[in-house]
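Peer 1: 3D, please:
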Amino acid sequence: MPENKPNLLVVDDEKNTRDALRRVLEDTFEVYTTADVKGVKNLMENSSMDAILTDLRLGNESGMQVLELCRQADPPIPCVVMTAYGSVETAVDAMRRGAYDYVTKPLDLQRVEILLRRAVRSVRVEQENVRLKAQLGQTFGLERILGRCPAMHEVVERIKQVADSRASVLVEGESGTGKELVARAIHGLSSRRSGPFVAVHCAALSPQLLESELFGHEKGAFTGAMERRLGRFEQAQGGTLFLDEIGEIDAATQIKLLRVLGERTLERVGGNQSIPVDVRLVAATNRNLESMVKEGRFREDLFFRIRVVQIHLPPLRDRAEDIPVLADHFLREFSQENKKQGLEFTRSVLDQFASYSWPGNIRELRTAVEHGVVMAKGSKVEVSDLPPGIRELGTKFRQGGASRATRLEDLEKEAILAALESAGQNITEAARQLGISRRTLHRKLAEFKKGISTKR
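Peer 2: From the prediction side, this is the model:
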């Protein structure tokens with residue numbers, strides 16, 4: 001069955017021109033014609049137009065009015081304008097206002113047909129992309145949240161339930177548990193999926209930089225502010241803003257963030273203009289914000305504002321049944337990336353993974369598998385191919401003995417010490433191996449009160 005012809009509306013106040021264009025274009029298009037703007041409105045109300053070809057001079061009216069109707073349509077209709085040879089500047093102005101293209105009179109009818117076919121095709125491709133994105137959004141992100149344990153099933157169901165609401169979401173969990181994946185899944189399942197997803201890692205920025213990063217700044221707001229800069233809130237307009245490690249935000253920025261969330265407006269640093277913001281907030285933390293509220297280190301009103309809905313991600317050590325699933329997923333990913341198809345884990349490696357405490361959680365497992373794939377010499381990933389910290393600690397955990405840790409804090413301490421040793425006491429490299437930030441590692445070391453000599 002042949003595909004239906006696209007609908008084309010020709011707008012010209014000269015009947016001879018309308019009739020001539022109909023005869024030339026009716027083999028390709030279902031052609032409608034009208035002489036004025038009123039006719040355009042009537043036809044647009046009663047028929048779906050795929051393209052419009054309009055003269056810029058319509059008696060006492062202007063083709064610019066037709067162009068504006070095309071822009072206001074949902075979805076917008078591609079509009080090609082016709083103009084006299086001496087009025088090219090007017091046609092260029094129409095292009096600036098959103099016209100698809102223009103042609104000059106006397107018309108090159110072959111060019112007119114090519115332009116119209118191209119305009120219809122481009123719009124249909126765009127509409128198909130929107131449709132495919134919508135379909136993809138129905139599962140986007142969820143396929144990356146792997147897990148069989150009941151806790152992860154609950155996480156997935158909560159994501160589905162909250163995704164299309166406007167509610168702020170607080171994702172809690174240790175570093176490396178996949179909090180950003182959850183945020184991206186929430187965005188991908190929401191009606192905002194076609195808008196931007198903007199992530200800010202709060203712990204990586206000083207208070208001064210974070211304020212400018214979030215809210216933007218005006219030219220001259222501070223030394224080095226050479227031009228106006230839009231903040232992440234403005235960049236995320238119509239989409240989702242993800243604030244990772246929100247517990248690291250200082251008191252002054254907390255106040256400003258609370259005001260923005262409450263009023264849905266912001267002022268750039270150094271500015272006084274009130275700018276409306278339409279942003280859905282998802283925040284994440286690896287800290288206990290409730291305890292921080294009680295200690296006066298995090299505002300209670302901001303806490304309740306960001307935690308309308310709470311999603312808790314369990315640590316990997318509490319998801320033992322998920323470790324083989326995740327490890328196999330990463331094995332296939334890095335085998336393909338490194339052109340080592342067909343790699344398998346030995347039984348000893350899987351035992352090692354099962355006995356290890358994973359203080360860096362999924363991020364650490366991912367790094368460990370990548371290390372194993374890169375170092376594997378044959379068709380199997382051996383224990384000797386694993387990172388030193390995991391290889392040595394896993395052995396200790398299996399064998400037991402005096403060195404075996406009995407408390408979570410001890411497991412964490414041993415993992416950090418092993419990572420530091422493996423990294424030659426380099427903080428940055430050790431943090432990378434553990435899948436945590438430098439700031440978090442510094443804080444852990446301070447808590448352990450160990451006099452460890454490290455180099456920057």
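Peer 1: and the closest residue to residue 97 other than its chain neighbours, how many residues sit next to it?
Peer 2: The shortest distance from residue 97 to any residue that is not its chain neighbour, by C-beta to C-beta, 6 or more residues apart in numbering, is 5.9 Å, and that residue is residue 67. Bear in mind the C-beta positions are built from the backbone N, C-alpha and C, glycine included. The local packing of residue 67 (other C-beta atoms under 10 Å) involves 23 other residues.
Peer 1: got it, and residue 379?
Peer 2: Neighbour count of residue 379, defined by other C-beta under 10 Å: 10.
Peer 1: isn't it right up against residue 344?
Peer 2: Yes: in this structure, residue 379 is within contact of residue 344 by C-beta atoms under 8 Å, at 6.7 Å.
Peer 1: follow-up on the earlier one: is the residue nearest to residue 97 in a helix, a strand, or coil?
Peer 2: Reduced to three states with DSSP: H, G, I helix; E, B strand; the rest coil, the structure at residue 67 is helix.
Peer 1: now the residue nearest the centre of the chain: how far from residue 275?
Peer 2: Centrality entry for the chain: nearest residue to the mean C-alpha point is residue 197, 3.2 Å, by C-alpha atoms, centre = their mean. Summarising the geometry, the distance separating residue 197 from residue 275, computed by C-beta to C-beta, to the nearest Å, is 20 Å.
Peer 1: now the nearest residue to residue 226 once chain neighbours are set aside, what's its secondary structure?
Peer 2: In space, and not counting its chain neighbours, residue 226 is closest to residue 219: 6.8 Å by C-beta to C-beta, 6+ apart. The assignment at residue 219 comes out as coil when based on three-state DSSP.
Peer 1: Report how many residues lie close to residue 219.
Peer 2: 12.
Peer 1: Hmm, residue 268 and it touching each other?
Peer 2: No: Residue 219 is not in contact with residue 268 according to C-beta under 8 Å; the separation is 9.9 Å.
Peer 1: who's the residue nearest to residue 11 when sequence neighbours are not counted bridged to?
Peer 2: Nearest non-adjacent residue to residue 11, counting by C-beta to C-beta, 6+ apart: residue 54, 3.9 Å away. Using DSSP bridges, the beta-bridge partners of residue 54 come out as residue 11, residue 81.
Peer 1: State the pLDDT value of residue 54.
Peer 2: For residue 54, the model assigns a pLDDT of 93.
Peer 1: Now for it: which residues touch it?
Peer 2: With C-beta atoms under 8 Å, 6 or more residues apart in numbering as the criterion, the residues that contact residue 54 are 10-12, 40, 63, 66-67, 79-82.
Peer 1: got any ranges where the stretch 251-400 of the chain has weak pLDDT?
Peer 2: Along the stretch 251-400 of the chain, the model assigns pLDDT under 70 to residues 393-400.
Peer 1: Strands of that one, start to end?
Peer 2: 265-266, 275-276, 280-285, 309-312, 344-345, 380-381 (DSSP state E, counting those that start in this stretch).
Peer 1: Within its sheet, name the partner strands of the second one and how each one runs.
Peer 2: Under the criterion DSSP bridges, strand 275-276 sits next to strand 265-266 (antiparallel) in its sheet.
Peer 1: I'd like the distance between the residue nearest to residue 58 when sequence neighbours are not counted and residue 66.
Peer 2: Among residues not flanking residue 58 along the chain, residue 13 sits closest, at 4.9 Å (C-beta to C-beta, 6+ apart). Computed with C-beta to C-beta, the distance linking residue 13 and residue 66 is 12 Å.
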